[in-house]
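**Q** build me a model from this:
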Amino acid sequence: MLTISILTDNTAGGQFLAEHGLSYLVEIDDEKILFDTGHSDVFLKNAEKLKIDIEKEVKKVVLSHGHWDHGNGLRFLKNLTLITHPASFSKRYRKADHTTVGLDLTTEEIEKQFTLQESKTSLQLTRNLFFLGEIPRNNDFESQSTSFEFADGSDDFIPDDSALAAIINDEVVVITGCSHSGICNICEHAKKVTGVEKIKAVIGGFHLKKQDKQTLKTVEYFRQNQVKKLLPSHCTALPALALFHSSFKIEQVKTGMIFRF
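**A** You can find the predicted model right below:
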């Protein structure tokens, strides 16, 4: 069984807190792995409400990419193994106003707090859970433009953007942070890494903002792949969510929710 507890997301559920960010606790193969941390200690407060002791129960953290709303909560953790792409610690900014969107902690500070494991390639974390590493960008409708830049002014297409893939009963569950690399690209890479073609479910940020070509093609991709359960959250904006709801009858992801596959 795969269990995903929503510790941080943009929408609050019940008595749980919310913030712009994402943090999931992933339980599989008798291991508990933290996927992203949001940008504050909200994930810890919500974990406590769920009677989850992160300090005692978690040994590994996977960071999906180096943006503040996914990784600044790392400053509240220590003595864990941190797995991420080596580009996650880049200095990066919004093009519009050159405000920072990167992590507060430097690589040196991270290495003092964590056992850092950087990888561009996929890693097998447990018997049935994989870190996907750098995502190949193969289609012609995702990751075609970017609103981010590096310190030198060059385009930042977030090369570190990654995700998790779990195998459950010969089907794949894709767990994504923000999908800057494209959720369809991520799903295709998940198939390659796991060797499993059938996608059971996809959960996380899809980074879709409008009912535009990219969103329409994404809807068509999920239809063609006959994905049973879609749970877009975090950076999936209302127009895109509305289209997913009308197409797939999705439910809204809220903090404190627990999904089992």
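**Q** going forward, measure contacts between C-alpha atoms and count neighbours the same way
**A** Fine.
**Q** parallel or antiparallel, list what pairs with the strand or helix carrying Ile203.
**A** Counting by DSSP states H and E, the element that carries Ile203 is strand 199-205. Applying DSSP bridges to the sheet, strand 199-205 is found paired with strand 171-176 (parallel), strand 229-233 (parallel).
**Q** what is the helix or strand following the shortest one packed up against?
**A** Once the chain leaves strand 229-233, the next helix or strand it forms, by DSSP H and E, is helix 238-248. Other helices and strands packing on helix 238-248, by 3 or more C-alpha pairs under 8 Å, 6 or more residues apart in numbering; DSSP states H and E, are helix 213-224.
**Q** check for me that Thr121 belongs to a helix.
**A** No: counting by DSSP: H, G, I helix; E, B strand; the rest coil, Thr121 is not part of a helix but coil.
**Q** and for it, nearest residue in space, chain neighbours not counted?
**A** Gly133 (4.5 Å; C-alpha to C-alpha, 6 or more residues apart in numbering).
**Q** neighbours of the one you found, how many?
**A** 27 (other C-alpha atoms under 10 Å).
**Q** is it true that it touches Glu118?
**A** No: taking C-alpha atoms under 8 Å as the definition, Gly133 is not a contact partner of Glu118, at 9.2 Å.
**Q** okay, and the common contacts of these two?
**A** The contact sets of Gly133 and Glu118 overlap at 84-85 (C-alpha atoms under 8 Å, 6 or more residues apart in numbering).
**Q** average model confidence for the strand holding Ile203?
**A** Averaged across strand 199-205, pLDDT comes to 97.
**Q** show residues contacting that strand.
**A** 171-179, 187, 191, 225-236.
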